Each structure stands twice: as C-alpha cells, then as structure tokens.
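> fold the following.
(4 chains)
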There are 2 protein chains.
Amino acid sequence: MAECNITEHKEKAQAVKACMPSDEKISEMGARFKVISEPSRLKILLALSCGELCVEHLTEAVEGNQSAVSHQLKILKDNKIVKNRRSGKNILYSVSDLHVLTMIEMAKEHLDCDE
Amino acid sequence: MAECNITEHKEKAQAVKACMPSDEKISEMGARFKVISEPSRLKILLALSCGELCVEHLTEAVEGNQSAVSHQLKILKDNKIVKNRRSGKNILYSVSDLHVLTMIEMAKEHLDCDE
DNA sequence: TAAATATATGAACACGTATTCATATGTTGA
DNA sequence: TCAACATATGAATACGTGTTCATATATTTA
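So this is what the prediction gives:
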C-alpha cells in the first residue's frame, strides 16, 4: 500500500513552488520575527507595551545596562517597531508597530496554554 | 516644561517590572520566534502550509539541498512545529503547530500592506 | 561657558548556528 | 542477503550578532 503517491507529490511540489513568495519577501518576514526573537528586545517591548518610557527607566525596568538597551533600541527603531521623541534631557520611547505587540501577546498566551 | 515626569516614570518602571514575565518565559517566547525567523525554515513552513510532503519533494519545493532541509526539519520537529510519519521509504512531514502558521500569515499580510 | 546628566555609538570579543561534505541508518524489492 | 533509494547525522567551517567597555554627542543647569 503506497501511501506516498509520488506523482501526486511531485505535482504538489510544483504547485507549492509556484505560489512561494520571493526570497526577498521571505527574508523580510524572517527579519520581522528575528527582531522580536531576541530576549533582550522582547523584554524591552514587553516593558514598552505598558506605555512610553525614557531610556533610564526602561533600563531599570528590564534590569539591563544602559549601553545594551540603547543598542537594542536602535535596532528596534531601525525596524520601525518603536519610535522616540525628546523631552528635555530624556528620550522617550514607545511602541509604534502594534502588530508586533499582537504577535507577542499571541506567543505569551500560547505558552500559558502549555503550562 | 518638564514633559518627562521623573517620579511618575519611576513608578511606571516599577509597575512594569512587577508584571514582567520571568526570564525563562521570555526566552521561550523568543525561541518560538527565532525558529520561524530563519528564511530557510520559513520557506519550509510555507511549503508545508499547503499540505504534507516527503523530504525529497520538500527539498525540491524550496530549492534547497537534502541535508540542509533535513537539519532544519529536525529543529522544527524538536520545537514541535512539524510532525512526521513514515510511508514506505519516505518520511512525510506536515505542520503540527497551526499557531505558527497564523503568525506567518500575519507577517505576510503585514508586508503586503506596505507595498 | 563649564559641569552634570542622558543617550548614542564604535570597536573588540565571544558565542551561537546555518550550511556543506561525507557518511551512517533505515527501508524496499530482487 | 544485496543493491538501490530516502533520510538523518556528525564534524568543520563561516558568518552574523549581542554584549561590554570606553567614549562621543546632546541637553540642561549653575
């Protein structure tokens, strides 16, 4: 009993290839996930999901060091996931891409289900 | 005009810290995103989203090489994102975690909006 | 303007990991 | 049992990147 119908699968492979997004698009999709895959950045986003924070307090909230947080904020900003504005001596950061918050929330709930 | 109310932010930082998930949980969330952030794995999942495929045809569908695909399949399987079953000489793979397909679909749509 | 404070940035380092090559394992049919 | 085929796996390599340290830039206050 040949459960694996070769001919059928070959056709399916062709069909799959035909509707496969371009490598460039796949890379962009992956890049989005990669940005939020790093725990240090995820933690920053979880903190900012509660609202705007300046770098100093954000650093305190994630219990990190200032330089590391700043580096990660740059990556998040370059990827348009957070935005910032100056307020006196401080720079206030907030989430600009609500879409990623949704995905993070989904991931969190998914883990909650497991335990 | 001090737009950045230090006291208020300090309190917010404390509140944020209080409801911050554990480092372990954050790592697990990140791990989920990391698995689907790699273009080679993303491509495999996009192929499998159309249905079950054996390794050979999957390799063909993603235009990769057999060993690389097999290595990535192992990672996907270890993370319970795909499952497999034997059918004669072939091993058939399929997506077991529909949740990640949802997120991938979301990411795809998000990019479509941008262009 | 000088000092203090807040944030950003460059370079160096350490570490994880995707890919490749060669080969092992497992399955079928003669 | 042997040959052919399908898949998995180990080791080596190459590459990207997160963190740290030192320092630069920018803003406010004295």
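> pLDDT at A:Leu101, what is it?
On pLDDT, A:Leu101 comes in at 96.
> which residue ranges of chain A form strands?
A:53-54, A:82-87, A:90-95 (DSSP state E).
> what's the last one in contact with?
Applying CB atoms under 8 Å, 6 or more residues apart in numbering or on different chains, the contact partners of strand A:90-95 are A:45, A:48-49, A:51-56, A:58, A:73, A:81-86, A:101, B:3-4. Using the backbone N, CA and C atoms, a C-beta is placed for each residue, glycine as well.
> mind checking which of those are buried?
Among those, those scoring as buried are A:45, A:48-49, A:52-56, A:58, A:73, A:81-82, A:84, A:101, B:4 (criterion: 16 or more other CB atoms under 10 Å in any protein chain shown).
> just those residues that are near DNA strand C?
A:54-56, A:73, A:84 (CB under 7 Å from any atom of the strand).
> distance of the residue positioned nearest the centre of chain A from DNA strand C?
What sits nearest the mean C-alpha location of chain A, by CA atoms, centre = their mean, is A:Ile36, with 2.7 Å. Distance, A:Ile36 to DNA strand C, using CB to the nearest atom of the strand, to the nearest Å: 15 Å.
> next one: the least confident helix or strand in chain A by mean pLDDT to chain centre, how far?
Lowest on mean pLDDT, DSSP states H and E among the helices and strands of chain A sits helix A:6-18, with a mean of 81. Relative to its parent chain, helix A:6-18 has a centroid offset of 32 Å by CA atoms, centre = their mean, to the nearest Å.
> neighbours of A:Leu94, how many?
One correction, residue A:94 is Ser, not Leu. Using other CB atoms under 10 Å in any protein chain shown, the number of residues around A:Ser94 comes to 13.
> an error on my part: the question was meant for A:Cys19.
Neighbour count of A:Cys19, defined by other CB under 10 Å: 10.
> how about the nearest residue to it once chain neighbours are set aside, what does it touch?
Closest residue to A:Cys19 apart from its sequence neighbours, by CB to CB, 6 or more residues apart in numbering or on different chains: B:Cys50 at 7.5 Å. Residues in contact with B:Cys50 (CB under 8 Å, 6+ apart) are A:12, A:15-16, A:19.
> thinking again about what came up before, show me what contacts the residue nearest to the centre of chain A?
The neighbours of A:Ile36, taking CB under 8 Å, 6+ apart as the test, are A:42, A:45, A:81, A:100, A:103-104, B:30, B:33.
> the longest helix anywhere in chain A vs chain B: in contact?
Assignment by DSSP state H gives helix A:98-114 as the longest helix of chain A. Yes. Part of helix A:98-114 sits near chain B under the criterion CB under 8 Å from any CB of the partner chain, namely A:99, A:102-104, A:106-108, A:110-111.
> of the residues you listed, which is the most crowded?
That'd be A:Ala107 among the residues of helix A:98-114 next to chain B, by other CB under 10 Å, with 24 neighbours.
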